[in-house]
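S.K.: the following block contains a protein sequence and its predicted model.
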Amino acid sequence: MAGNTAPIHGRVCRIDDGGSLIDYSVDWSINASIDLSDASRQGQAWKENVVGQGGWNGSMTFHFVAGNTEQKALLDNIITASPGTQITDLKFMLEDTGDYFSGNIFLNGFATSASVGDTVNCSFDFTGDGALALTVA
């Protein structure tokens with residue numbers, strides 16, 4: 001596993017949709033977690049846990065450009081043509097050398113905001129369906 005050897009600047013992180021980089025992205029975030037169940041019992045000084053399942057979710061924000069093919073496909077997925085369709089071809093690129101996060105997702109939230117003096121932005125919340133993968137080139 002090679003991977004980056006210096007900090008990565010956010011300006012090179014992009015979202016790849018089936019081989020096409022989605023234009024006008026502002027940011028993305030991924031949060032992974034493991035469920036823990038308390039298995040503590042009387043007489044113990046320290047808590048004990050049983051490991052459950054892992055899961056992940058996140059969000060991605062764009063400058064709203066409805067004419068962008070990839071943004072339109074995301075919009076269709078959650079608000080018009082095909083709500084609830086699993087997305088299987090997104091990669092959350094860490095840099096332009098082939099390091100990225102990937103996994104199947106469901107879009108489960110959409111928000112847009114328009115304020116005077118700023119660009120109109122939109123964000124999509126998603127939940128992972130299955131494992132999150134990290135590919136390091």
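M.R.: Yes, it's here.
S.K.: so which residues of this structure form helices?
M.R.: For the chain, the helices defined by DSSP state H occupy 69-79.
S.K.: go ahead and flag the most central residue of it.
M.R.: Residue closest to the average C-alpha location in the chain (Cα atoms, centre = their mean): residue 58, at 4.1 Å.
S.K.: roughly how far apart are it and residue 127?
M.R.: 8 Å (Cβ to Cβ, to the nearest Å). All C-beta spots, glycine's among them, are computed from the backbone N, C-alpha and C.
S.K.: what do you get for residue 82?
M.R.: Taking Cβ to Cβ as the measure, residue 82 and residue 127 are separated by 17 Å.
S.K.: what about the two, which has more around it?
M.R.: With neighbours defined as other Cβ atoms under 10 Å, residue 82 and residue 127 compare such that residue 127 has more, 14 against 10.
S.K.: what residues does that one make contact with?
M.R.: Applying Cβ atoms under 8 Å, 6 or more residues apart in numbering to residue 127 gives the contacts 55-57, 105-106, 108.
S.K.: are any of the residues you listed buried, and which?
M.R.: Burial by neighbour count, 16 or more other Cβ atoms under 10 Å: within the contacts of residue 127 this picks out 55-57, 105-106.
S.K.: in contact with the residue of the chain positioned farthest from its centre: list those residues for me.
M.R.: Outermost residue of the chain with respect to the C-alpha centroid, by Cα atoms, centre = their mean, is residue 43; its distance is 42.3 Å. Not one residue lies near residue 43 by Cβ under 8 Å, 6+ apart.
S.K.: okay, now the unreliable bits of the chain?
M.R.: 1-3, 81 (pLDDT under 70).
S.K.: hey, where'd the strands end up in it?
M.R.: Along the chain, the segments classed as strands by DSSP state E run 15-17, 20-21, 25-38, 49-63, 90-93, 100-102, 105-113, 121-128, 133-135.
S.K.: cool, thanks, signing off.
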